[in-house]
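1. prediction below, plus the sequence it came from.
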Amino acid sequence: MSLLKLSNIHKSYFLGKEESKVLNGINLEFNTGEFVSILGESGGGKSTLMNIIGGLDRNFDGQVALNGEVLDHRKEKQLDNYRRGTIGYIYQSYNLITHLTVLENVLVSLEMTELSHAEKIERAKDLLAQVGLADQAKKHPNQLSGGQKQRVAIARALASDPDIILADEPTGALDSVNTQEVLEILNKIAKDGKLVIAVTHSQAVADHGTRIIRLVDGQVEDDEHLKDPYKTTNNPTRITSHPLPASASYISAFRHLMYNIKQNSLIILGTAIGIFAVLLFSGLGNGINSYINDQINSLVNPRTITVMANPSGKKLNNTQAQREIQQFNQDPTNFFISKDQINAIKKTTGTSYIQAGYQLGTYSLSYNNKNVSSSGIQSYTKSYTSNSLTKGSWPTGKEIVISKNQAITLSGSSKNYRSLIGKSINVTINWLSNSNTPVQMKTALTISGISDSSSGVSSEVTVLSYSETRSLLSSAGARTDPNFVVVNSKSIDGVNDVASQIRKQKVNGKYAFSVITVGDILKTVNNYVSLASTVLSAIAGISLVVSALMIIVTMYMSVAERTKEIGILRALGERRKDIRRLFTAESLLLGLFSAFLGLLLAWLFSILLNNFVYNLIKFNIVQINLANVIFAILVSLFISLIAALLPARKASKLNPIDALSAD
Ligand SMILES: Nc1ncnc2c1ncn2[C@@H]1O[C@H](COP(=O)(O)OP(=O)(O)OP(=O)(O)O)[C@@H](O)[C@H]1O
C-alpha cells in the first residue's frame with residue numbers, strides 16, 4: 001500500500017461562468033523515501049496540485065488517500081489533523097512569520113505536538129543545527145539571507161515530524177550554492193524516511209531526486225523513476241501532534257502585541273483613560289457618600305428616629321414622609337402632636353427613650369448691639385451628639401447653644417467667638433398662640449455651648465433646653481404642644497423595626513406619623529450622590545465606546561497585515577478556531593493592559609487628590625473599592641471581547657490558499 005495515492009484528480013477554476021480546467025485526471029502514487037520532482041510549464045497546475053495534496057484546497061474532484069484511507073475533504077477537522085500531523089510545507093518565498101524569531105518560527109509548529117516545553121525547545125534547536133543555523137536562533141527573519149530563510153522554513157516543516165514534505169519551488173529564489181545546499185537537505189530528508197514532493201522549473205534540480213513527474217495540460221505526461229526510493233527503517237519514536245492549546249494562542253498574541261508595542265501603546269492609553277475616568281467618578285461617588293455618612297452620623301445619633309405629625313392621614317413611605325414634612329415650613333399649625341399621639345408612640349417596643357421636642361419659628365439673637373436672625377430654633381433632645389458641639393455643653397435651664405456662625409457674628413471675631421460661652425444674650429422667638437395667632441417671646445439666656453455647622457449638611461443648630469422652651473411658651477400664652485418626638489432605638493439593627501411600628505400607628509383611624517430615620521436621610525442623600533456619580537461614570541463610559549471602535553480598527557488592521565501569517569498558520573495545521581482565538585486573545589490582552597494602566601492612573605490620581613483634599617476636610621474623598629476595580633477590569637475585557645468578534649471572525653474565515661498568496 002502506498003503512503004499517498006491520488007485518484008482521478010480534476011480541478012477547474014471559474015471566472016464567472018467560464019470554466020478553466022487546470023487538472024484533468026491525475027492518478028499518482030507516492031511512497032516513503034521518495035524525492036519526487038514535479039516539472040511542468042508555468043501555469044500548468046503544479047501549485048494547484050500541491051495545495052490539494054497539502055489539504056489546503058477542498059474544492060476539487062477525485063480522491064486523496066493516505067495509507068489507503070481516503071481523506072474526506074468535507075470534514076474540516078480531518079483536514080486540520082492531516083495538515084498538522086502529516087504535511088510539512090516549504091515555499092519559494094519562505095513564508096516565515098516576521099515578528100517571531102527564527103527559534104519561535106520553528107516552535108510555532110512544535111506547539112501542536114505532545115512534547116514538553118523543554119523538549120520542544122531542544123528539538124527546535126536541534127533542527128536549526130541540522131540546517132546549519134544553530135547560531136541564528138535569536139534573529140528575526142529580516143536579518144537572514146534568502147538561503148538561511150529557506151533553511152528555517154525547512155526546519156519548521158520538519159518540526160512536527162510529518163510523513164510528507166511538500167516544497168513549492170524551494171530553490172526558486174536561491175543562488176546556486178544555496179540551491180545545492182537546500183537540495184542536499186531535501187535529499188537527506190527523503191533518506192530519513194519521508195516522502196519529499198518538490199515543484200520545480202529546473203531540470204537540474206529535478207535530477208537530484210529519485211523520480212520526476214511531468215505535467216502537461218493538467219495530466220501526467222511522464223513519470224520517470226531515476227532511482228529506487230531510499231530504504232527506510234521504521235522510526236519507532238514518532239512525534240504525535242495535537243490541536244493548538246489555548247495557552248499557545250495567548251503567548252503568541254502577547255508576542256505580537258509586544259512586537260507592535262509602539263502602535264498598541266496608544267490604543268492601550270486611550271482605553272486606559274476611559275477606564276481611569278470611570279474609576280475616578282465611581283471612587284468619588286463612594287468617597288462623597290461616606291463623607292456625608294460620616295458627617296451626619298457625627299452630628300446626629302444614628303439610632304435616632306424623628307417622628308412628626310402626618311396631616312395627610314395616609315400611610316407614608318420614606319420619600320413621601322420627607323415631602324410631607326416639607327409642609328411644616330408653610331403651615332406649622334398642622335404639625336402639633338397631641339397627648340394621645342404621644343401615648344401611641346410610647347407603645348413602641350425596642351426603644352431606649354422617647355423625647356418630645358419643639359421646633360419653633362423665626363428668632364433673633366442679640367449681643368452687644370449685634371444681631372443675627374434665623375429660623376428653626378429647637379429644644380434640646382438626646383439625639384444631638386457631642387461631636388456637633390465645638391465647645392461647651394448642651395443647654396440646661398436658662399441656657400442656649402448657638403451655632404459657630406452666629407457666635408462669630410455676635411462676637412465680631414472669627415477667632416475669639418468661643419469667648420461668648422458663659423455670656424448672656426437676648427433671644428426673641430416668634431411662635432403661635434393656642435388660637436394660631438403670632439406670639440413673640442423674649443428672654444435672656446446664657447450661652448452654654450457653640451455648635452459646629454461647618455459641615456454644611458445641617459443648617460444652623462441653635463438649641464434651647466426643653467424646660468426653658470416650655471416655660472417660655474406657657475408664660476407667653478403660646479401653644480405648648482410639642483411638634484416632634486425623638487425616639488431612640490435600643491440598637492442600630494432595630495431602627496427599621498421601631499420606625500415601621502410608628503409608621504403603622506393609627507390615632508383616630510388615621511396614620512398619625514411621618515417617620516424619618518438618619519438612615520432614611522442618608523439613603524436619600526446617598527441615592528442622589530450615587531446617581532450623579534453613575535451619570536458621570538456613564539458619560540466617561542462613552543469614551544470606552546470610542547476605545548472599542550479603536551480596538552476594532554486596530555484588530556481589522558492587524559488581520560489585514562497578518563493575512564499571510566494566517567495562511568501559514570492554517571497550512572501548519574491551526575484550526576479556524578485557533579485563528580479566531582489568536583485575534584481574540586490579542587484584543588483581550590489589549591483590554592487587560594488598558595485596565596491595568598487605567599487602574600494605575602486612577603490609583604496615582606486618587607492619592608494626589610486625596611492628599612490635597614485631606615488637608616481641607618480631613619477625609620479621603622476618592623475611595624476606589626475592590627468592586628470598582630473588578631468592574632473596571634470586566635468592562636475593559638468585555639469591550640475588547642466585543643471589539644474582537646468581527647475581526648477575529650473575518651480572520652478565521654479566510655481561505656488559507658488566498659491568505660497565503662496575500663502580499
Ligand atoms: N484562485 C484562482 N482563481 C482562478 N484561477 C487560478 C487561481 N489560482 C490559479 N489559477 C490558475 O490556474 C492555473 C494553474 O495555476 P498554478 O499556480 O497551479 O500553476 P503553476 O504550475 O504552479 O504555475 P507556476 O509554475 O507559474 O507557479 C493558472 O492558469 C492560474 O492562472
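-> Ah, there it is. Numbering: from 1, shown residues only.

2. can you pull the contacts of the closest residue to the ligand within the stretch 451-600 of the chain?
-> Using Cβ to the nearest ligand atom, the single residue of the stretch 451-600 of the chain nearest to the ligand is G567, 12.9 Å away. Where C-beta positions appear, they are placed from N, C-alpha and C, glycine not excepted. Under the criterion of Cβ atoms under 8 Å, 6 or more residues apart in numbering, the contact partners of G567 comprise N95, L654, P656, I657, D658, A659, L660, S661, A662.

3. these, buried ones only, as a PyMOL selection?
-> Typed into PyMOL, the line below selects the buried ones among the contacts of G567, using 16 or more other Cβ atoms under 10 Å:
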select buried, resi 95+654+656+657+659+660
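
4. ok, N369 - how many residues close by?
-> The number of residues packed near N369 is 6, by other Cβ atoms under 10 Å.

5. show me the contacts for it.
-> Here N369 is in contact with no residues (criterion: Cβ under 8 Å, 6+ apart).

6. roughly how far apart are it and G274?
-> 60 Å (Cβ to Cβ, to the nearest Å).

7. quick one: low-confidence ranges for the protein?
-> For the chain, applying pLDDT under 70 flags the ranges 234-237, 299, 453-459.

8. which SSE is immediately downstream of whichever helix in it runs longest?
-> With secondary structure taken from DSSP state H, the chain has its longest helix at helix 518-561. Downstream of helix 518-561, the first helix or strand assigned by DSSP states H and E is helix 563-572.

9. between that next one and helix 518-561, how big is the angle?
-> Relative orientation of helix 563-572 with respect to helix 518-561: 80 degrees, computed using axes from the mean of the first three to the mean of the last three Cα atoms, to 10 degrees.

10. which SSE is immediately downstream of helix 563-572?
-> Following the chain from helix 563-572 toward its C-terminal end, the next helix or strand by DSSP H and E is helix 576-617.

11. give me the angle between that following helix and helix 563-572.
-> Interaxial angle of helix 576-617 relative to helix 563-572 (the same axes, to 10 degrees): 130 degrees.

12. ok, the closest residue to the ligand within the stretch 51-200 of the chain - contacts?
-> Here the residue of the stretch 51-200 of the chain nearest the ligand is V199; by Cβ to the nearest ligand atom that distance is 6.4 Å. Applying Cβ under 8 Å, 6+ apart, we find V199 in contact with S37, I38, K46, S47, M50, A167, D168, E169.

13. chain neighbours aside, what residue packs nearest to S403?
-> Residue nearest to S403 in three dimensions, not counting chain neighbours: E460, with 4.2 Å by Cβ to Cβ, 6 or more residues apart in numbering.

14. I figured the one you found hits Q406, correct?
-> Yes. Counting by Cβ atoms under 8 Å, a contact exists between E460 and Q406, whose distance comes to 6.4 Å.

15. and the two? which has more neighbours close in?
-> For E460 versus Q406, neighbours defined as other Cβ under 10 Å are more numerous around Q406 (26 against 17).

16. contacts only, for the more buried one.
-> If a contact means Cβ under 8 Å, 6+ apart, then Q406 has L365, V372, S374, E460, T462 as its contacts.

17. shouldn't the fourth one be within a strand?
-> In other words, E460. No. Following the definition DSSP: H, G, I helix; E, B strand; the rest coil, E460 is coil and is not counted among the residues of a strand.

18. ok, now how distant is it from N318?
-> Counting by Cβ to Cβ, the gap between E460 and N318 amounts to 25 Å.

19. hey, what's in contact with both of E460 and Q406?
-> Overlap between the neighbourhoods of E460 and Q406 consists of S374, taking contacts as Cβ under 8 Å, 6+ apart.

20. flag every residue of the chain that's near the ligand.
-> Selection of the chain residues close to the ligand by Cβ under 6 Å from any ligand atom yields Y13, V22, G40, S42, G43, G44, G45, K46, S47, T48.

21. among those, which ones are buried?
-> Using 16+ other Cβ under 10 Å, the buried members of the residues of the chain next to the ligand are V22, G40, G44, G45, K46, S47, T48.

22. in stretch 175-187, what counts as buried?
-> Residues of stretch 175-187 classed as buried: N178, T179, Q180, E181, V182, L183, I185, L186, N187 (neighbour count, 16+ other Cβ under 10 Å).

23. which members of those residues are the farthest-apart pair?
-> Looking at the buried residues of stretch 175-187 by Cβ to Cβ, the two members farthest from one another are N178 and N187, with 14.7 Å of separation.

24. rewinding a little: ok, and the most crowded of the contacts of Q406?
-> By neighbour count, taken as other Cβ under 10 Å, the most surrounded of these turns out to be L365 (25 neighbours).

25. for the residue of the chain most remote from its centre, which non-adjacent residue is spatially closest?
-> Relative to the mean C-alpha coordinate of the chain, counting by Cα atoms, centre = their mean, the farthest residue is S475 (69.3 Å). Once its chain neighbours are removed from consideration, S475 has its nearest residue in M441; the separation is 7.8 Å (Cβ to Cβ, 6+ apart).

26. mind exporting the C-alpha coordinates of the helix or strand that contains the one you found to PDB?
-> Assigned by DSSP H and E, M441 belongs to strand 438-451. Below are the C-alpha coordinates for strand 438-451, written out as PDB (Å, rounded to 0.1, in the frame of the first residue of the first chain):
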ATOM      1  CA  PRO A 438     -48.500  85.100  66.200                       C
ATOM      2  CA  VAL A 439     -46.900  85.400  69.700                       C
ATOM      3  CA  GLN A 440     -43.500  86.800  70.500                       C
ATOM      4  CA  MET A 441     -41.300  85.600  73.400                       C
ATOM      5  CA  LYS A 442     -38.400  87.500  74.700                       C
ATOM      6  CA  THR A 443     -35.800  86.300  77.200                       C
ATOM      7  CA  ALA A 444     -32.200  86.500  78.200                       C
ATOM      8  CA  LEU A 445     -30.200  83.200  78.100                       C
ATOM      9  CA  THR A 446     -26.600  82.200  78.900                       C
ATOM     10  CA  ILE A 447     -24.600  80.600  76.100                       C
ATOM     11  CA  SER A 448     -23.600  77.100  77.300                       C
ATOM     12  CA  GLY A 449     -22.000  75.900  74.100                       C
ATOM     13  CA  ILE A 450     -21.300  76.500  70.400                       C
ATOM     14  CA  SER A 451     -22.400  74.100  67.700                       C
END
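
27. in its sheet, what does the helix or strand that it is followed by sit against?
-> Downstream of strand 438-451, the first helix or strand assigned by DSSP H and E is strand 463-464. Here the strand partners of strand 463-464, with direction, are listed using DSSP bridges: strand 378-379 (parallel), strand 399-403 (antiparallel).

28. highest mean neighbour count out of those?
-> Mean neighbour counts were taken over those using mean count of other Cβ atoms under 10 Å, and the top value, a mean of 25, falls to strand 399-403.

29. residues in contact with it?
-> Applying Cβ under 8 Å, 6+ apart, the set of residues contacting strand 399-403 is 365, 380, 389, 392, 394-395, 410, 420, 425, 427, 445-453, 460-465, 468.

30. alpha carbons only: can I get stretch 23-34 in PDB?
-> Included here for stretch 23-34 are C-alpha records, laid out as PDB according to Å, rounded to 0.1, in the frame of the first residue of the first chain:
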ATOM      1  CA  LEU A  23      -6.000  19.400 -13.600                       C
ATOM      2  CA  ASN A  24      -7.600  16.700 -15.800                       C
ATOM      3  CA  GLY A  25      -7.500  13.400 -14.100                       C
ATOM      4  CA  ILE A  26      -4.300  13.000 -12.200                       C
ATOM      5  CA  ASN A  27      -3.500   9.500 -10.900                       C
ATOM      6  CA  LEU A  28      -0.300   9.100  -8.900                       C
ATOM      7  CA  GLU A  29       1.100   7.000  -6.000                       C
ATOM      8  CA  PHE A  30       3.900   8.000  -3.700                       C
ATOM      9  CA  ASN A  31       5.900   6.200  -1.100                       C
ATOM     10  CA  THR A  32       8.200   7.000   1.800                       C
ATOM     11  CA  GLY A  33      11.900   7.500   0.900                       C
ATOM     12  CA  GLU A  34      11.000   9.200  -2.400                       C
END
